[in-house]
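A.B. asks: Below: sequence and its predicted model.
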There are 2 protein chains.
Amino acid sequence: MVESTTKRQLVIIGGAEDKENDSQILREFVRRAGGTKANIVIMTAATELPREVGENYIRVFERLGAENVRIIDTETREDATSSTALEAIQKATGVFFTGGDQARITSILKDTEIDTAIHKRFSEGIVVAGTSAGAAVMPDKMIVEGDSQTNPRIEVVEMGPGLGFLPGVVIDQHFSQRGRLGRLISALLQEPAVLGFGIDENTAMVVTDNQIEVIGEGVVTIVDESEATYNNLGEILKDEPLAIFGSKLHILPNGYKFDLKTRQPILNNGTVPDGSVAVGSTNT
Amino acid sequence: MVESTTKRQLVIIGGAEDKENDSQILREFVRRAGGTKANIVIMTAATELPREVGENYIRVFERLGAENVRIIDTETREDATSSTALEAIQKATGVFFTGGDQARITSILKDTEIDTAIHKRFSEGIVVAGTSAGAAVMPDKMIVEGDSQTNPRIEVVEMGPGLGFLPGVVIDQHFSQRGRLGRLISALLQEPAVLGFGIDENTAMVVTDNQIEVIGEGVVTIVDESEATYNNLGEILKDEPLAIFGSKLHILPNGYKFDLKTRQPILNNGTVPDGSVAVGSTNT
């Protein structure tokens, strides 16, 4: 097993990341993929416009100096066994899943040779990234689709298998921009998982082993259900609102970190605050 | 002082409450105002369409059997000293603030004789209700206006004085429907207050002294900052995202209660759950 000594690396992006200006998030992905020596594979399975979407990313990654960038477009499960595609994955130092429809990614790729090959490279330490639909597929169970701007109800989300790069959590994207707290909590209670991550647009959570660092313009909203004292999931029908008592809520902007094992948020100077703060004491 | 023995009663509605069918929320207001013997004053200060909005409520309250329903329309602060208006308030058993623009309510009514008269009746135990803008004015500091579907930043909300029927908290409305978590947290950190209530449409929090009961179709989302261990309010500029560690989050549908003093959510059977629940253990 390589996993125990090799770090896992993920860049999970809430969609609509900057591609024209500083491109902080894509820059971090390219850096982790090896910088100018990066060998990047862009997976366009999610989109019905693979050429357009893929070439847009080629432009950015080449602008940032990646040496080798190619698209693997898979429209069928047969495409996902192509030997050229498999060779490309075997040489890749970074794999990037574009946006589109997350159900396309899993229906085309899940449990194919390409899926296995990417997981093997991931376990060997290469960085795997995804934006929007490409972020949704990261957990073992993903939000296939769901309603925005709603209170939590069972019917709000449809869950399905994800690609499993970050198992045991729930991830949602375009989070603040689409008002998805209700959807995230609906997914979290049904999963069942204790940690839900809502990632804003042009914002990413960068995972290095068990540590998450937030980068980008917005925030990552974390709902930690591990100390919740009550929910009514077992008592309600699917169109009735969910109740939950005592979830924890953390809001983390650029530079803040979170430990997946201890479930502690960490200050941007690397320390964990140890007490209560006087709320709003410094500014009105 | 009457306050110590008389219960305070508020019905704070997240907007868009049902007026055609069962009208659960308006029904509860009329019941608390004395039922068929209710003497209800509708305050239309928030709206520029006082007749239209007011007559809509007259129809509902009369359909539910309230004996005496009248509109007090105040377009200027002079209107708010009218002796007929003051007499109506003195006889009222329920006062209802309509929706519209909350800044109109406070600029026209705040600290006028009518404001004082309503507070006096409120302290004597009559029920005061408000929907949408009429809900926003309930705290001592209110959200005057703000952005929806955004992460929390200082610039997201403008705060101003409210009418102060429920001091020390922050209230937002149309909560899930407009994706207002970011706005609620922005207001809560700047207030400064420790409890923020996000009320959904066709949903109300009914306050009886220090106990809140949720009624209606959606949920009340409660953010309790009292045990938060960190926020960055003192360190950031107004367009930078707010951070917060360790807020508590409760989601309460119809029938669930919340104690404003202990800040504990209460089950719909009246008990406080005493331990951790196995998350999602009953349903997948």
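C.D. replies: That came through, no problem. As the structure is a computational prediction, the values presented were derived from the model and not from experiment.
A.B. asks: what sits against the residue in the stretch 1-150 of chain A that chain B sits nearest to?
C.D. replies: Using CB to the nearest CB, the single residue of the stretch 1-150 of chain A nearest to chain B is A:Gln149, 4.9 Å away. Placement of C-beta: from N, CA and C, glycine included. For A:Gln149, the residues meeting the contact criterion (CB atoms under 8 Å, 6 or more residues apart in numbering or on different chains) are A:178-180, A:182, B:149, B:176-179.
A.B. asks: The same query, at a cut-off of 6 Å, please.
C.D. replies: A:179, B:177, B:179 (CB atoms under 6 Å, 6 or more residues apart in numbering or on different chains).
A.B. asks: Show the model's pLDDT score for the one residue in the stretch 101-250 of chain A that gets nearest to chain B.
C.D. replies: Using CB to the nearest CB, A:Gly179 is the residue of the stretch 101-250 of chain A that sits closest to chain B, at 1.6 Å. Model confidence at A:Gly179, expressed as pLDDT, equals 96.
A.B. asks: now it, nearest residue through space, not along the chain?
C.D. replies: Nearest in space to A:Gly179, with sequence neighbours left out and distances taken as CB to CB, 6 or more residues apart in numbering or on different chains, is B:Gly179 at 1.6 Å.
A.B. asks: number of nearby residues for that neighbour?
C.D. replies: A total of 24 residues lie near B:Gly179 under the criterion other CB atoms under 10 Å in any protein chain shown.
A.B. asks: The top strand by length along chain A vs strand B:244-253, what angle?
C.D. replies: Longest strand in chain A by number of residues, with DSSP state E as the criterion: strand A:244-253. Using axes from the mean of the first three to the mean of the last three CA atoms, to 10 degrees, the interaxial angle of strand A:244-253 with respect to strand B:244-253 works out to 140 degrees.
A.B. asks: what's the next secondary structure element after the helix or strand hosting A:Gly134?
C.D. replies: Applying DSSP states H and E as the criterion places A:Gly134 in helix A:133-136. Once helix A:133-136 ends, the next helix or strand along the chain (criterion: DSSP H and E) is strand A:141-146.
A.B. asks: Residue numbers of the stretch 101-250 of chain A in contact with chain B?
C.D. replies: Among all residues of the stretch 101-250 of chain A, those adjacent to chain B (criterion: CB under 6 Å from any CB of the partner chain) are A:149-151, A:176-177, A:179, A:181-182, A:189, A:192, A:194, A:200, A:218-219, A:225, A:229-230, A:233-234, A:241, A:243-247, A:249-250.
A.B. asks: Which of those fall within strands?
C.D. replies: Per DSSP E, these map to strands at A:219, A:230, A:244-247, A:249-250.
A.B. asks: Tell me the most packed of the residues you listed, by neighbour count.
C.D. replies: A:Val219 (30 neighbours).
A.B. asks: The stretch 151-284 of chain A: helices as residue ranges?
C.D. replies: Counting by DSSP state H, counting those that start in this stretch, the stretch 151-284 of chain A has helices at residues A:175-178, A:181-190.
A.B. asks: give the contact list for A:Phe97.
C.D. replies: Applying CB under 6 Å, 6+ apart, we find A:Phe97 in contact with A:43, A:130, A:134.
A.B. asks: What's opposite it in the beta bridge?
C.D. replies: On the basis of DSSP bridges, A:Phe97 is bridged to A:Met43, A:Gly130.
A.B. asks: per-residue confidence for it?
C.D. replies: In the prediction, the pLDDT value recorded for A:Phe97 is 98.
A.B. asks: if I look at it, how far off is B:Ile118?
C.D. replies: Here A:Phe97 is placed at a distance of 58 Å from B:Ile118 (CB to CB, to the nearest Å).
A.B. asks: do the same with A:Asp115
C.D. replies: Shown here: A:Asp115 relative to B:Ile118, a distance of 65 Å by CB to CB.
A.B. asks: quick revisit: could I get the contacting residues of the nearest residue to the residue of the stretch 1-150 of chain A closest to chain B once chain neighbours are set aside?
C.D. replies: The spatially closest residue to A:Gln149, leaving aside those adjacent along the chain, is A:Gly179, at 4.2 Å (CB to CB, 6+ apart). Residues counted as contacts of A:Gly179 (CB under 6 Å, 6+ apart) are A:148-149, B:149, B:179.
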